[in-house]
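>>> requesting a structural model of the entry that follows:
(one chain, ligands or ions: 1)
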Amino acid sequence: MSKKGDFEAVRKDIAELMHQPEYDDGSAGPVLVRLAWHSAGTFDAETDTGGSNGAGMRYEAEGGDPANAGLQHARVFLEPVKDKHSWITYADLWTLAGVVAIKEMGGPTIAWKGGRTDYVDDSKLPPRGRLPDGAKGADHLRWIFYRMGFNDQEIVALSGAHNLGRCHSDRSGFEGAWVNNPTQFSNQYFRLLLSLQWRKKTLKSGIEQFVNFDEDSETELMMLPTDIALTQDKSFRKYVELYARDKERFFEDFSRVFAKLVELGIQRDADGNITNTDNEKGGYHAAPKKKSTPGSPAKSTDDKVGTSEGEPLKEENKAFRARL
Ligand code: HEM
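Down below sits the predicted model:
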């Protein structure tokens, strides 16, 4: 048991559990990154619901979402860390684990702050269908990620996490890894997206994905339809090209955007304390919504993403979602 708030001790224990010779490619890292992402990626800026605070995935309503299939492995890996440092909340542990895993796999350092609570306010629980569907295309990606307050560049940067890990037929139905070294964080995913010829393959289950036989590793690599969509859409493609040729730029942008992801729905004061937390209940409540001033709808706080900067949801992105 460490002292309350000793996140360094927790980081060390997360780093130590990464090596899992019996599991997947020998690392717990990729599935920990996916756990952090799915815990946060349910956020909806407009209704201020979902997000990593509350760790709702512990409960059937969210944990049982088919989109979260397989993430129990990540939660089980982390259970000994929670036992040892019982003061840490699941919401902090899951997001921190993603940040530590990325660093341990050779990725960038990502800013992270604690203070999330495990109090679940039923009115904040996200409905199912908030996470992206790999079988879809560019419009779907915008529909999902604009809702969280991300722009096109951030969507591409975040997708670069598919440098890590693999698809499992018993989880998502898709099969295989994107790159031939899936426990090493790099920009290889972007380079392969552009350099290989991807052909459509229908799996026995009827699911369609894209594949290419990699001579070096003698394995078949894969891409989801959503990954291929990044190369077909003009606005997305320019960032795929940027990140394929500039690894440092990718690392910088990924670091910033992953930090933003795990802060969605969280508001902090200057000292970093979470302000939309109901301390009496030990819980989290919706940010008070200011009425928009007539005549200036774009400046309403309702448009704000709950990051510390309160970054506004771009008007053009709102308009795009309204059209779909
Ligand atoms: C852009 C939309 C996205 C779609 C459609 C998508 C879809 C998927 C699918 C279908 C899988 C395979 C799950 C399985 O069968 O085990 C997967 C795995 C993964 N995703 Fe994504 N994802 C997206 C974005 C992201 C983001 C934003 C991140 C993190 C920043 C991320 C990180 C991962 C990781 C690390 C894995 C590997 C997990 C493992 O090895 O167990 N994905 N994703």
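
>>> can you report how many residues neighbour the closest residue to the ligand within the chain?
Proximity to the ligand, evaluated over the chain using Cβ to the nearest ligand atom, is greatest for residue 165 at 2.3 Å. C-beta here means a position set from N, CA and C on the backbone, and glycine is covered the same way. If you count neighbours by other Cβ atoms under 10 Å, residue 165 ends up with 22.

>>> identify the single longest strand in the protein, thanks.
Using DSSP state E, we find that the single longest strand of the chain is strand 208-214.

>>> the residue of the chain closest to the ligand and residue 30 touch, don't they?
Yes - here residue 165 reaches residue 30: they are 2.7 Å apart, a contact under Cβ atoms under 8 Å.

>>> give me the below-cutoff pLDDT ranges for the stretch 151-300 of the chain.
For the stretch 151-300 of the chain, the stretches with pLDDT under 70 are 277-300.

>>> how about the residues of it near the ligand?
158-159, 161-162, 164-168, 171-172, 174, 224, 226, 258 (Cβ under 6 Å from any ligand atom).

>>> where exactly do the helices run in the stretch 201-324 of the chain?
Ranges of helices in the stretch 201-324 of the chain, per DSSP state H, counting those that start in this stretch, are 225-232, 234-245, 247-261, 315-323.

>>> could you dump those to a markdown table with distance to residue 8?
Converted to a markdown table, the helices of the stretch 201-324 of the chain look like this (distance: least, Cβ to Cβ, whole Å):
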| stretch | distance to residue 8 |
| --- | --- |
| helix 225-232 | 35 |
| helix 234-245 | 31 |
| helix 247-261 | 18 |
| helix 315-323 | 38 |
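
>>> tally of neighbours for residue 200?
10.

>>> and if you look at the one 5 residues further on?
When neighbours are defined as other Cβ under 10 Å, residue 205 has 10 of them.

>>> what residues are up against it?
Counting by Cβ atoms under 8 Å, 6 or more residues apart in numbering, residue 205 touches 169, 173.

>>> mind doing that once more with 7 Å?
For residue 205, the contact set (Cβ atoms under 7 Å, 6 or more residues apart in numbering) comprises residue 173.

>>> one more: the one 4 residues further on?
Shown here is residue 209, whose contacts under the criterion Cβ under 7 Å, 6+ apart are 174, 201, 203, 222, 223, 224.

>>> residue 102 too?
33, 110, 185, 258.

>>> returning to what we had before: show the buried residues in the contacts of residue 209.
174, 222, 223, 224 (16 or more other Cβ atoms under 10 Å).

>>> tell me which two in these are the farthest apart.
Spatial extent of the buried ones among the contacts of residue 209 (Cβ to Cβ) is set by the pair 174 and 223 at 9.5 Å.

>>> let me see the ranges of the strands in the stretch 51-200 of the chain.
Assigned by DSSP state E, counting those that start in this stretch, the strands in the stretch 51-200 of the chain fall at 166-167, 176-177, 199-202.

>>> now those strands as CSV including distance to residue 70?
Output for the strands of the stretch 51-200 of the chain, formatted as CSV (distance: least, Cβ to Cβ, whole Å):
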stretch, distance to residue 70
strand 166-167, 10
strand 176-177, 14
strand 199-202, 21
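
>>> so which of these gets nearest residue 130?
strand 166-167 (19.8 Å).

>>> centre of the chain versus the closest one, how much separation?
15 Å (Cα atoms, centre = their mean, to the nearest Å).

>>> for burial, what's the neighbour tally of residue 217?
So residue 217, with other Cβ under 10 Å, has 12 neighbours.

>>> distance of it relative to residue 243?
22 Å (Cβ to Cβ, to the nearest Å).

>>> now the spatially most central residue of the chain: phi and psi?
Centroid check for the chain by Cα atoms, centre = their mean gives residue 37 as the closest residue, at 2.4 Å. Main-chain torsions, residue 37, degrees, to the nearest 10: phi -70, psi -50.

>>> report the contact partners of it.
Contacts of residue 37 (Cβ under 7 Å, 6+ apart): 98, 161, 261.
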